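Trainee: 3D model of this:
(one chain, ligands or ions: 1)
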Amino acid sequence: MDAELYDVIIIGGGPAGYTAGLYCGRAAMKTLLLEKYMAGGQMAITAHIDNYPGFPEGVDGFTLAMDMQKQAERFQIEHKEVAVASVQLDGTVKAITTADGTVYRARAVILATGASPRELGLPEERDLRGKGVSYCATCDGAFFRNKTVAVIGGGDTAAADAIYLSKLCKQVYLVHRRDALRAAAVYHDALQQAENVTFVWNSTVEEILHDSVVTGIRVKDKLTGDMQNLECQGVFVAVGTAPNTKLYEDQVQLDGNGYIISDENTKTSQLGVFAAGDVRTKPLRQVVTAVADGAVAAYMAEEYIQLQTVESE
Ligand code: NAP
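Mentor: So this is what the prediction gives:
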């Protein structure tokens, strides 16, 4: 029997995906949203978001994620928590196969799978995940209450993680490979004021020290070549993100870093396929730009479907 035909399938339930869902639902398009874990993506594990308009005191990412999901589902979109195993994005009817072997078909697809934290690439890093190495301060910070931790990186995530952890932990080392943070200025004062945050500038992590769990890191001063051991029980890696595009690499054009090539209209190299949020090439990856993409992608998908319908009549 033929699988049911949706107007739009959205892959990914972060802010871009759920905003696309909201707009598709309101446009009365038959819409299915597929999400691997839970609503919100990276946003859901962000403790405090201060730069999303409409929340004068800021908002926690988990609450915002749950509310975005509820708002989209008010407009009758379907939502399934299942991983996508493969996609076929060419042609006028696209097919999405999930891990349980079900095939879903749609006229248009919105790719909103976001990005995931990058690893440092150290040999022991993967084995020590869950044994002191973490990529999510808000998820795992509580395990390190009154302990010493190191945060690696110098962007917004590293800065926000260090501030969050400074409230829980005895001591936080912020290890950055340069002598200045890339993070927004708003974080700098808070970091300077936190008495238990120690900056370790111009330094790279050469080794994660451990027995059965993390016991410290070995860092190298890039200017002098000196090595030192920092004792810590937790290592929070915050060195940026990599796009979740493995599923599509032979189906839409990606840039050299693996992001889906698309501009403000969210169109990809494949007709009827749109990319929204952190997964696509763009200058600023934030919740506010992801939701904007979601709205544009839904609008473009609707326009594409209407044109297809007219052409086939
Ligand atoms: P990011 O801005 O790409 O910063 C990554 C940091 O890690 C940089 O400081 C970089 O150093 C460093 N780094 C990269 N590779 C490294 C390596 N192999 N070893 C050591 N250090 C390494 O990533 P992010 O902080 O995760 O932020 C990602 C996006 O999310 C950004 O657009 C950010 O604005 C956004 N974000 C927003 C918020 C918010 O607005 N509330 C919160 C978190 C994240 P260099 O500086 O030398 O390149």
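
Trainee: okay, CA-based contacts and neighbour counts for the rest of this
Mentor: Noted.

Trainee: Now do the helix or strand of the chain with the lowest mean pLDDT: which elements does it pack against?
Mentor: Among the helical and strand segments of the chain, the one scoring lowest on mean pLDDT, DSSP states H and E is helix 137-140, with a mean of 88. Using 3 or more C-alpha pairs under 8 Å, 6 or more residues apart in numbering; DSSP states H and E as the contact test, the elements touching helix 137-140 are helix 156-166.

Trainee: Confirm for me that residue 51 is in contact with residue 60.
Mentor: No. With contacts counted by C-alpha atoms under 8 Å, residue 51 stays clear of residue 60, the gap being 11.2 Å.

Trainee: Flag every buried residue along stretch 209-218.
Mentor: 209-210, 213-218 (16 or more other C-alpha atoms under 10 Å).

Trainee: Show me the two of those that sit farthest apart.
Mentor: Greatest spacing in the buried residues of stretch 209-218, by C-alpha to C-alpha: 213 and 218 (14.8 Å).

Trainee: coming back round to it: neighbouring contacts of the least confident helix or strand of the chain?
Mentor: Contacts of helix 137-140 with the rest of the structure, by C-alpha atoms under 8 Å, 6 or more residues apart in numbering, involve 45-47, 134, 161, 164-165, 236.

Trainee: same thing with stretch 238-258?
Mentor: 85-90, 113-120, 135, 151-155, 157-158, 259-261, 268-270, 278-281.

Trainee: how about the residues of the stretch 51-200 of the chain near the ligand?
Mentor: The stretch 51-200 of the chain has residues 51, 120, 153-158, 177-178, 182 near the ligand, with proximity defined as C-alpha under 6 Å from any ligand atom.

Trainee: Pick out the lowest-pLDDT one from the residues you listed.
Mentor: Lowest pLDDT within those is found at residue 51 (90).

Trainee: And for that residue, nearest residue in space, chain neighbours not counted?
Mentor: residue 58 (7.2 Å; C-alpha to C-alpha, 6 or more residues apart in numbering).

Trainee: Just give me the neighbour total for the one you found.
Mentor: Other residues near residue 58 number 13, with proximity taken as other C-alpha atoms under 10 Å.

Trainee: Over to residue 257?
Mentor: Residue 257: 9 neighbours (other C-alpha under 10 Å).

Trainee: Helix, strand, or coil at it?
Mentor: coil (DSSP: H, G, I helix; E, B strand; the rest coil).

Trainee: do the same with residue 235
Mentor: strand.

Trainee: where does it land on pLDDT?
Mentor: For residue 235, the predicted pLDDT is 98.

Trainee: so it bridges to which residues?
Mentor: Taking DSSP bridges as the rule, residue 235 bridges to residue 133, residue 150.

Trainee: Let me see the contact set for it.
Mentor: Here residue 235 is in contact with 132-134, 149-152, 214 (C-alpha under 8 Å, 6+ apart).

Trainee: can we see that at 7 Å?
Mentor: Listed by C-alpha atoms under 7 Å, 6 or more residues apart in numbering, the contact set of residue 235 reads 132-134, 149-151.

Trainee: between those, which has the most around it?
Mentor: So for the contacts of residue 235 (other C-alpha under 10 Å), the most neighbours sit at residue 149, 32 neighbours.

Trainee: so how far is residue 232 from that one?
Mentor: Note on residue 149: its distance to residue 232, by C-alpha to C-alpha, to the nearest Å, is 5 Å.

Trainee: repeat for residue 256
Mentor: 36 Å.

Trainee: ditto for residue 24
Mentor: 48 Å.

Trainee: Who has more neighbours out of these two?
Mentor: Taking other C-alpha under 10 Å, residue 24 and residue 232 do not tie; residue 24 has more neighbours (29 against 22).

Trainee: Now residue 117: closest residue in space that isn't a chain neighbour?
Mentor: Per C-alpha to C-alpha, 6+ apart, closest to residue 117 is residue 241, 4.3 Å.

Trainee: What of residue 100?
Mentor: residue 82 (7.9 Å).
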